[in-house]
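Chemist: Return atomic coordinates for the entry below.
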Amino acid sequence: MGISFVGGGVMAEALIKGIINAGLSNPGELTVSDPLEERRFYLESEYEINTVESNSSIVDGDGIIILAVKPQFFLMCYQI
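Modeler: Presented below is the predicted three-dimensional model:
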């Protein structure tokens, strides 16, 4: 089962690192949506996970979606 994250900041990174280190999921089953190309590149290189630019790219997938954004950005994420 895949796990997708809306937001690729520090909160998402901590969860991703914990999930991988605990063996709960393989890196290839994790996807992060983040608008910043530099952040996506970092997460891909550091954790070997999948990244996408658009939130709508992860909504159609199976699995769990985790909102890893600050509360003030929640409404922007909701407008997928």
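
Chemist: who touches stretch 24-33?
Modeler: 1-8, 12, 16, 19-20, 40, 43, 47-55, 57-58, 61, 63 (C-beta atoms under 8 Å, 6 or more residues apart in numbering). Where C-beta positions appear, they are placed from N, C-alpha and C, glycine not excepted.

Chemist: ok, so what distance separates residue 30 from residue 71?
Modeler: 23 Å (C-beta to C-beta, to the nearest Å).

Chemist: What of residue 34?
Modeler: Counting by C-beta to C-beta, the gap from residue 34 to residue 71 is 17 Å.

Chemist: on that earlier part again, tell me which of residue 30 and residue 71 has more neighbours.
Modeler: residue 30 (25 against 7; other C-beta atoms under 10 Å).

Chemist: which residue packs closest to the more buried one, ignoring adjacent ones?
Modeler: residue 49 (4.2 Å; C-beta to C-beta, 6 or more residues apart in numbering).

Chemist: Quick one: the strands in the protein, in order.
Modeler: Taking DSSP state E to define them, one finds strands in the chain at 3-6, 30-33, 50-52, 64-67.

Chemist: follow-up on the earlier one: which residues touch the residue nearest to residue 30?
Modeler: Shown in contact with residue 49 (C-beta under 8 Å, 6+ apart): 16, 27-28, 30-32, 43.

Chemist: Residue 67: which of these is nearest?
Modeler: Nearest to residue 67 among those, counting by C-beta to C-beta, is residue 32 at 11.9 Å.

Chemist: average pLDDT across stretch 67-76?
Modeler: Across stretch 67-76, the average pLDDT comes to 73.

Chemist: same question but for stretch 5-17, I mixed them up
Modeler: 96.

Chemist: so how many other residues sit close to residue 56?
Modeler: Neighbours of residue 56 (other C-beta under 10 Å): 11.

Chemist: Spell out for me which residue occupies the centre of this structure.
Modeler: residue 32 (2.3 Å; C-alpha atoms, centre = their mean).
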